[in-house]
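1. The following block contains a protein sequence and its predicted model.
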Amino acid sequence: MTDQNLAVIVLAAGQGTRMKSSRPKILHSIAGRSLIGHVLAAAGELSPRHVVAVVRHERDAVVSTITELMPSTVIVDQDDIPGTGRAVEVGIAALPADFVGDVVVVSGDVPMLDAPTLAALIQQHRAAANSATILSAILADATGYGRVVRNEGGHLARIVEQKDATIAELAISEINSGTYVFSVRPLREQLPLVGTNNTQNEKYLTDVIGLLVATGATVDAMPVADGWMVAGVNDRVQLADAARRMNEAIVRRWQLAGVSVLDPATTWIDADVSLEEDVELLPGTQLQRATTIRRGAIIGPDTTLLDCEVGEGARVNRTDATLAVIGAGASVGPFAYLRPNTILGADAKIGTFVETKNSTIGAGSKVPHLSYIGDTTVGEQSNVGAGTITANYDGVNKSKTTVGSHVRTGSHNVFVAPVRIGDGAYTGAGTVVRKDVPAGALAITVAPQRNMTGWVEANRAGTAAAEAAAAASDGTDAE
Ligand code: UD1
Ligand code: CA
C-alpha cells in the first residue's frame with residue numbers, strides 16, 4: 001500500500017569522474033542491474049507516494065534508464081549550482097505543495113543499501129519525531145566520507161566533510177552514509193539558508209544538520225549494522241568490491257533457501273535470478289539476469305546462463321547459454337553453446353561441442369556430438385547423428401529444417417534448409433539431405449566407395465605406409 005506521507009529523492013546528477021568511463025557512473029552494473037537500478041528497486045519497496053530523481057550529468061542516458069525501470073519517477077534537472085544540498089532543494093521543489101510527510105534522500109551510487117534498512121530508518125525517524133535522521137556507519141577506514149560530529153552528550157551536532165575537517169574530526173570513525181530521512185517542512189525552511197562557503201564551493205546537504213540543531217530541532221544518526229551496505233561506488237575498485245559484496249549476500253541468501261553452492265567465491269548470481277530447493281551450483285557458474293532454475297537441477301562447473309529457464313532435475317555442464325529453455329531432466333554439455341531461442345524438451349540432450357540457435361529439440365530427442373543446429377525443429381525421441389550441420393543460411397536467407405519424431409539420422413549429415421525429414425525416417429552416414437525425406441524412408445546420398453588396391457605401394461613406395469601395407473594381413477575384404 002502506498003505510503004502517502006513518503007517521498008524519495010534519488011541524487012543522480014553527479015559526474016562520477018573517478019570511474020574514467022564514457023558511461024555515467026550510476027549506469028555501471030553489479031549483479032546484473034545498474035547502480036541506479038538497485039537504488040530505485042530499494043526505493044520502490046518502500047511504496048512511496050513520490051520518487052524524484054535529480055539529474056544533470058549525462059542527463060539523457062540516465063533519464064532513459066530511470067524511466068524504463070520506474071516510469072512514475074519525477075525527473076528534475078539540477079541547475080548550475082553544485083552540491084547535494086542544491087540537488088535536494090530542486091528535488092523537493094518538484095513535490096506538490098500539499099506534501100507534508102517525510103523525504104528519504106538516497107544516492108544513486110550507493111547500490112547495496114536495502115529496503116529493510118531504509119524502512120528501519122524511517123521508523124526510527126517517525127517514532128522519535130525527528131526533523132532529520134541520518135543513516136551513519138562506524139567504519140575502520142572512514143577516508144573520503146563526511147564525519148558525524150556529536151556533542152558532549154553524544155547528540156548529533158553536525159556533519160563535516162572530509163575536505164573541511166580538522167585533524168581531530170578526521171579521527172572520527174562514524175561516517176555519514178549520504179542516506180537520510182527529513183521531515184519536509186524543516187528541510188524546506190533550512191535548505192535556502194545553506195551557503196557554499198566550503199573547500200568545494202558547493203551547497204552541502206550535510207549543512208542542513210547543523211542548521212537544524214541551531215533551531216533546536218531534534219536530529220539523530222542511526223548507525224547501520226553492516227557498514228558495507230552503505231559503501232558508495234566512486235571508482236572501478238569500489239565497483240568490483242561492491243559486486244563481490246552483493247554477490248556474497250545473494251549467494252548466502254540462496255544457500256539458506258536450500259541451494260548448494262560448492263564454491264561461493266566463483267559462483268556469481270544476479271539479483272534477478274530465481275532458484276529452487278536442491279539446486280546445485282558447481283564452481284565457475286554465472287547465473288545472469290532473469291535466469292530461473294527449478295528444483296534439483298545441477299549447473300556447472302564453468303557455466304554461464306543468461307536469461308535462461310532450466311527445468312527440474314536438468315544437468316547443465318560447462319555450457320554457455322542465452323535465452324534458452326532447458327526442459328526437466330534434460331542434459332546439456334559439456335562444452336555446449338546454446339544461443340537465443342533454443343528450447344530443449346524434457347529429458348532431451350545437447351551433448352559435447354554442439355551449438356544451437358533458434359531451435360526446438362523435442363522431449364527425449366538427442367543431439368549428442370559435434371553439431372550445429374539452427375532454425376530447426378526436432379520432434380520427440382529422435383537422434384541426430386554425430387557431426388550434423390544444418391545449412392540454414394544460403395548467404396541471403398535463413399531457412400528452416402524440420403526433423404520429425406523417432407528419426408535416426410546418420411553421422412556427418414548436412415541438412416540443407418529448407419528441408420523436412422519425416423517421422424521414423426533414417427539417413428545414412430555422410431548424407432547431404434537436400435530434398436525432403438518421407439516418413440519411414442532411408443535417405444542416402446553417398447557415392448559408392450571405390451578401393452584402388454595396391455595404390456600406396458605403387459605411388460608411395462618407400463614410405464612407412466607402404467611397408468605397413470606390404471606386411472599387412474588385416475582381415476579386410478580386399479575388393
Ligand atoms: C556525500 C556526503 C558525505 C557522505 C557521502 C556518502 C555531502 C556534501 N557529502 O559526499 O557526507 O559521507 O556522500 O557517500 O552531501 N549529486 C547530485 N548533485 C550534485 C552533487 C552530487 O545529484 O551537485 C549526487 C551524486 O550523483 C551522488 C550523490 O549526490 O549520487 C553524492 O554525491 P558525491 O559527490 O558522491 O558526494 P560525496 O563527496 O561522496
Ligand atoms: Ca559518493
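-> Cool, the structure landed. Numbers count the residues shown, from 1 in each chain. Ligands and ions are numbered 1, 2, ... in the order given.
2. Just list the residues touching the closest residue to residue 270 other than its chain neighbours, thanks.
-> In space, and not counting its chain neighbours, residue 270 is closest to residue 32: 3.1 Å by C-beta to C-beta, 6 or more residues apart in numbering. To be clear about C-beta, it is placed using only N, CA and C from the backbone, and glycine gets the same treatment. With contact set as C-beta atoms under 8 Å, 6 or more residues apart in numbering, residue 32 has these partners: 270, 271, 272, 273, 288, 289.
3. in the longest helix belonging to the chain, what's buried?
-> Using DSSP state H to assign secondary structure, the helix with the most residues in the chain is helix 236-256. Residues of helix 236-256 classed as buried by neighbour count (16 or more other C-beta atoms under 10 Å): 238, 239, 242, 243, 245, 246, 247, 249, 250, 251, 254.
4. One more: stretch 402-415?
-> For stretch 402-415, burial by neighbour count (16+ other C-beta under 10 Å) applies to 402-407, 409-415.
5. Taking those, tell me the two that lie furthest apart.
-> Pairwise distances among the buried residues of stretch 402-415 were taken by C-beta to C-beta; the largest, 22.4 Å, belongs to 405 and 412.
6. Quick one, grab the pLDDT at the residue nearest to residue 270.
-> The model reports residue 32 with a pLDDT of 98.
7. Pull up the residues of the stretch 51-200 of the chain that are close to ligand 1.
-> 54, 78, 82-84, 86-87, 107-109, 145-146, 159, 161, 175-178 (C-beta under 6 Å from any ligand atom).
8. Considering only the contacts of residue 32, which also neighbour ligand 1?
-> Answer for the contacts of residue 32 near ligand 1: none qualify (C-beta under 6 Å from any ligand atom).
9. what sits against residue 175?
-> Neighbouring residues of residue 175 by C-beta under 8 Å, 6+ apart: 136, 137, 138, 139, 142, 145, 146, 147, 148.
10. Give me the pLDDT for it.
-> 97.
11. what sits opposite it in the beta ladder?
-> Beta-bridge pairing for residue 175 (DSSP bridges): residue 137, residue 147.
12. Roughly how far does it sit from residue 44?
-> Remark: distance between residue 175 and residue 44 (C-beta to C-beta, to the nearest Å) = 26 Å.
13. With residue 98 instead?
-> Separation of residue 98 from residue 44 (C-beta to C-beta): 23 Å.
14. Those two - which one has more neighbours?
-> Neighbour tally, residue 98 and residue 44, criterion other C-beta atoms under 10 Å: the higher count belongs to residue 44, 16 against 5.
15. Need the per-residue pLDDT for the more buried one.
-> Per the predicted model, pLDDT is 97 at residue 44.
16. and if you look at residue 477?
-> At residue 477, the pLDDT recorded in the model is 58.
17. and if you look at residue 15?
-> Listed pLDDT for residue 15 reads 83.
18. Just the element for it, please.
-> Using DSSP states H and E, residue 15 falls within no helix or strand.
19. mind listing what the spatially closest residue to it that is not a sequence neighbour touches?
-> Of all residues not flanking residue 15 in the chain, residue 57 sits nearest, at 4.5 Å (C-beta to C-beta, 6+ apart). Contacts for residue 57 (C-beta under 8 Å, 6+ apart) come out as 13, 14, 15, 16, 24.
20. filter these to the buried ones?
-> For the contacts of residue 57, buried by 16+ other C-beta under 10 Å: 13, 14, 16, 24.
21. Closest one of those residues to residue 222?
-> Residue 222 has its nearest neighbour among the buried ones among the contacts of residue 57 in residue 14, at 24.3 Å by C-beta to C-beta.
22. my guess is residue 94 contacts residue 76, does it?
-> Yes - using C-beta atoms under 8 Å, residue 94 is in contact with residue 76, at 4.7 Å.
23. what residues are shared contacts of the two?
-> With contacts taken as C-beta under 8 Å, 6+ apart, residue 94 and residue 76 have residue 52 as neighbours in common.
24. Looking only at neighbour counts, state which of those two leads.
-> residue 76 (20 against 17).
25. For stretch 38-51, list the C-alpha coordinates in CSV.
-> Output of stretch 38-51 as CSV, limited to C-alpha atoms (Å, rounded to 0.1, in the frame of the first residue of the first chain):
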residue,chain,number,x,y,z
HIS,A,38,19.4,-1.2,-7.3
VAL,A,39,18.7,2.2,-5.6
LEU,A,40,15.3,2.5,-7.4
ALA,A,41,14.4,-1.1,-6.5
ALA,A,42,15.0,-0.4,-2.8
ALA,A,43,13.1,2.9,-3.1
GLY,A,44,10.2,1.2,-4.8
GLU,A,45,9.9,-1.4,-2.0
LEU,A,46,9.1,1.5,0.4
SER,A,47,5.9,2.2,-1.7
PRO,A,48,6.5,6.0,-1.5
ARG,A,49,3.9,8.4,-2.9
HIS,A,50,6.6,10.2,-4.9
VAL,A,51,10.0,9.2,-6.3
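26. Other residues contacting that stretch?
-> Contact with stretch 38-51 is made by 1-8, 10, 26, 30-31, 33, 66, 69-70, 72-74, 95-96, 99, 101, 104, 106-108, 110-115, 118-119, 122, 246, 271, as judged by C-beta under 8 Å, 6+ apart.
27. Kindly give a single PyMOL line that selects the buried subset of these.
-> Restricted to buried positions by 16+ other C-beta under 10 Å, the PyMOL selection for the contacts of stretch 38-51 reads:
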select buried, resi 6+7+8+10+26+30+31+33+66+69+70+73+95+99+101+104+106+107+108+110+111+112+113+118+122+246+271
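28. hmm, back to that, kindly reformat the contacts of residue 175 as a markdown table containing distance to residue 183, neighbour count and pLDDT.
-> As requested, the contacts of residue 175 are exported to a markdown table (distance: C-beta to C-beta, whole Å; neighbours: other C-beta atoms under 10 Å; pLDDT from 0 to 100):
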| residue | distance to residue 183 | neighbour count | pLDDT |
| --- | --- | --- | --- |
| 136 | 18 | 25 | 98 |
| 137 | 23 | 24 | 97 |
| 138 | 26 | 14 | 97 |
| 139 | 27 | 18 | 95 |
| 142 | 28 | 21 | 94 |
| 145 | 24 | 23 | 94 |
| 146 | 21 | 27 | 97 |
| 147 | 24 | 25 | 98 |
| 148 | 19 | 26 | 98 |
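29. So which of those is the closest to ligand 1?
-> Among the contacts of residue 175, residue 146 lies closest to ligand 1 (C-beta to the nearest ligand atom), at 2.2 Å.
30. Phi, psi for residue 48 please.
-> Phi and psi for residue 48, reported as degrees, to the nearest 10, are phi -70, psi 160.
31. Please read the previous query as pertaining to residue 430.
-> Main-chain torsions, residue 430, degrees, to the nearest 10: phi 70, psi 10.
32. and if you look at residue 324?
-> Dihedral angles (degrees, to the nearest 10) for residue 324: phi -110, psi 150.
33. shouldn't it be in contact with residue 344?
-> Yes - counting by C-beta under 8 Å, residue 344 is a contact partner of residue 324 at 7.1 Å.
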